[in-house]
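[1] turn this into a structure:
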Amino acid sequence: MCDTLVALGNSTKNSKVIFAKNSDRNPDEPAEILHIPRTKHSAGSEVETTYISIPQVRETAEVLLCKPIWIWGAEMGANEFGVTIGNEAVFTKEEYLEAREAELRWIERIKNMPIKKKTGIFYKKKWEKLSKRNRLPLLD
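    Take a look at the predicted model:
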């Protein structure tokens with residue numbers, strides 16, 4: 001099970017935010033730290049994710065990501081605007097929807113968020129809607 005810690009600026013000695021996360025992937029599964037600079041993209045271009053293509057935005061933010069090498073998505077990441085995100089496993093007795101190969105997986109949404117957003121507000125609203133449907137936990 002993944003563990004995530006966030007200490008907001010009002011809880012730290014130097015008023016900085018601390019984000020820490022472990023990734024409990026298979027010990028033999030290679031991971032990489034990936035730096036992607038701010039990039040401008042052509043109108044109408046697409047991004048090849050692990051299983052599907054999605055529309056590309058015109059400009060993506062500079063990001064630092066930690067990800068398994070075999071998947072497009074990321075375990076955790078942060079962008080130049082300070083948007084930071086990490087994924088968590090969900091253990092529940094409630095019924096939940098399985099991802100299908102024709103969908104963008106949650107780990108891929110983790111990578112998508114810091115690349116495309118200056119704030120977490122857009123994704124907070126989407127998570128609220130999805131958490132009601134899929135019974136996902138929501139961390140504000």
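
[2] ok, the residue lying closest to Arg38 once chain neighbours are set aside to Ala43 distance?
    Distance criterion Cβ to Cβ, 6 or more residues apart in numbering; nearest residue to Arg38, sequence neighbours excluded, is Glu62 at 4.4 Å. The C-beta positions use only the backbone N, C-alpha and C, and glycine is treated the same way. Look at Glu62 and Ala43: by Cβ to Cβ, to the nearest Å, they are 21 Å apart.

[3] look at these two and report which has more neighbours.
    Neighbour totals were compared for Glu62 and Ala43, and Glu62 leads with 15 against 6 (other Cβ atoms under 10 Å).

[4] contacting residues for that one?
    Counting by Cβ atoms under 8 Å, 6 or more residues apart in numbering, Glu62 touches 35-38, 79-80.

[5] show the buried residues in these.
    Burial by neighbour count, judged by 16 or more other Cβ atoms under 10 Å, picks out 36, 79 from these.

[6] in strands, which of the contacts of Glu62 appear?
    Among the contacts of Glu62, DSSP state E puts 35-36, 79 in strands.

[7] show me where this structure has its helices.
    106-116, 121-134 (DSSP state H).

[8] average pLDDT for the last one, rounded please.
    The one in question is helix 121-134. For helix 121-134, the mean pLDDT works out to 48.

[9] ranges for the strands of the chain?
    Using DSSP E, strands in the chain cover 4-7, 18-21, 31-36, 39-40, 46-48, 53-55, 59-60, 63-68, 76-79, 84-86.

[10] who wins for proximity to Lys93 among the ones you listed?
    With Cβ to Cβ as the measure, strand 4-7 is the member of the strands of the chain nearest Lys93 (21.9 Å).

[11] what residue ranges in the chain score low on pLDDT?
    Residue ranges of the chain with pLDDT under 70: 1, 90-92, 94-140.

[12] repeat that with 80
    Along the chain, segments meeting pLDDT under 80 span 1-2, 23-24, 88-140.

[13] hang on, Glu80 packs against Thr39?
    No: counting by Cβ atoms under 8 Å, Glu80 stays clear of Thr39, with 11.8 Å between them.
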